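[1] Got a predicted structure here, sequence first:
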Amino acid sequence: MRPMMFILTIFLLCLLGVAWLGAVFAIQSEILKALWTGSLGNLFLLDAGWCLTLLAMKVYDYRHRKIPQVQDMIVLGAYLKDGHEVGPILAGRINRAMQVAVDQGCRATIIFTGGQGFDEELPEGLAMKKYAEKTFDYPKGQLLVESRSRNTFQNLTFSKEKLHDLSQTILIATSDYHVLRASFLARRVGLPTQVIGAKTTFRVRWRGRLREYLALLNLQQGLVAITIFLIYFASFLIVFFL
């Protein structure tokens, strides 16, 4: 975490603590006290989860700095600029994957994965392949396209059908903020992978990390719902019986 984000997180925790103390002494209704306490407890939990997610992203980057020699690579798609052009974020993913493949001797098969959105003129995977062919001198027979998928899970599921050997590590290229969730989903699909991230700007990276945190919560909807219920249940027990 950058120092400013750490300071902001501590500030929010202190602010929540002050709000909780004020609510406990100011609110007279026991039911409102319990609801307020439970709400603040859930806010503390969400804030802690955000910090842990940022830490997990850093740990993953640190533990996977060394890139193995691979036979297959998957490049995850993203929106097309103006519906037909590879934008900066997507170009970063392609450039990252292609440079690794070139450095390893141009032996890997690269799968560009991404379907056609409602506002796009062609599938993302096809636009990505055209960009790679124009930008890099790479054997065209080793550049494949998967164009049916609509999300990251489908990206990986449909690309799995085109892989040579599922017993070897598959390299996945995406944006830096997307690495952790891509790794999580790859395990769900049953792919032995290592994920590499293309650098993005500070603004894009932190906006993307927040979106990824919400997406990770969405992947665990049942657990999140049970946890929220238990915190509210505990707050009622504390207010009414302690």
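    All right, it came through fine. Numbering: from 1, shown residues only.

[2] Angles on the backbone of residue 146, please.
    When quoted as degrees, to the nearest 10, the phi and psi of residue 146 stand at phi -120, psi 120.

[3] so how far is residue 183 from it?
    Per Cβ to Cβ, to the nearest Å, residue 146 is found 19 Å from residue 183. C-beta coordinates here come from the backbone N, C-alpha and C atoms, glycine included.

[4] higher neighbour count, these two?
    Set residue 146 next to residue 183 and count neighbours by other Cβ atoms under 10 Å: residue 146 wins out with 26 against 18.

[5] does that one really touch residue 114, like I thought?
    Yes. With contact defined as Cβ atoms under 8 Å, residue 146 reaches residue 114; the gap is 7.5 Å.

[6] Find residues that contact each of these two.
    Counting by Cβ atoms under 8 Å, 6 or more residues apart in numbering, the common neighbours of residue 146 and residue 114 are 125, 155.

[7] Past the helix or strand bottoming out on mean pLDDT in the chain, which element shows up next along the chain?
    In the chain, no helix or strand scores lower on mean pLDDT, DSSP states H and E than helix 3-26, which sits at a mean of 65. Where DSSP states H and E defines the elements, the next helix or strand beyond helix 3-26 is helix 30-63.

[8] Show me the strands in this structure, by range?
    72-76, 80-81, 85-86, 109-113, 143-146, 170-175, 193-198 (DSSP state E).

[9] Can you list the neighbours in contact with stretch 203-214?
    Outside stretch 203-214, the residues that touch it by Cβ under 8 Å, 6+ apart are 5, 49-50, 53-54, 57, 89, 175-178, 180-181, 200.

[10] For it, the averaged confidence score.
    What stretch 203-214 shows for mean pLDDT is 89.

[11] what about the residue in the chain sticking out farthest from the centre, distance to residue 237?
    The outermost residue of the chain relative to its centre, with distances by Cα atoms, centre = their mean, is residue 28 at 42.8 Å. In this view, residue 28 and residue 237 are 19 Å apart by Cβ to Cβ.

[12] Let me know how buried residue 155 is, in neighbour terms.
    Applying other Cβ under 10 Å, we find 30 residues neighbouring residue 155.

[13] Any chance of a markdown table for the strands of the chain, columns distance to residue 123 and mean pLDDT?
    Below are those laid out as a markdown table (distance: least, Cβ to Cβ, whole Å; pLDDT from 0 to 100):
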| stretch | distance to residue 123 | mean pLDDT |
| --- | --- | --- |
| strand 72-76 | 13 | 97 |
| strand 80-81 | 9 | 93 |
| strand 85-86 | 12 | 95 |
| strand 109-113 | 9 | 97 |
| strand 143-146 | 7 | 97 |
| strand 170-175 | 17 | 97 |
| strand 193-198 | 20 | 95 |
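
[14] and residue 124, which of those is closest to it?
    When those are compared by Cβ to Cβ, strand 80-81 sits nearest residue 124, at 5.9 Å.

[15] so who does the most centrally placed residue in the chain touch?
    In the chain, the residue lying closest to the centroid (Cα atoms, centre = their mean) is residue 178, at 3.3 Å. By Cβ under 8 Å, 6+ apart, the contact set of residue 178 is 76, 152, 197, 208, 212.

[16] May I ask which of those residues has the most neighbours?
    Counting neighbours by other Cβ under 10 Å, residue 76 leads those with 28 neighbours.

[17] Please name the nearest non-neighbouring residue to residue 187.
    Leaving out its chain neighbours, the residue that sits closest to residue 187 by Cβ to Cβ, 6 or more residues apart in numbering is residue 193, at 7.9 Å.

[18] So that neighbour is in contact with residue 170, correct?
    Yes. Using Cβ under 8 Å, residue 193 is in contact with residue 170, at 4.7 Å.

[19] need the contact list for residue 49.
    Contacts here follow Cβ under 8 Å, 6+ apart; on that basis residue 49 touches 213, 217.
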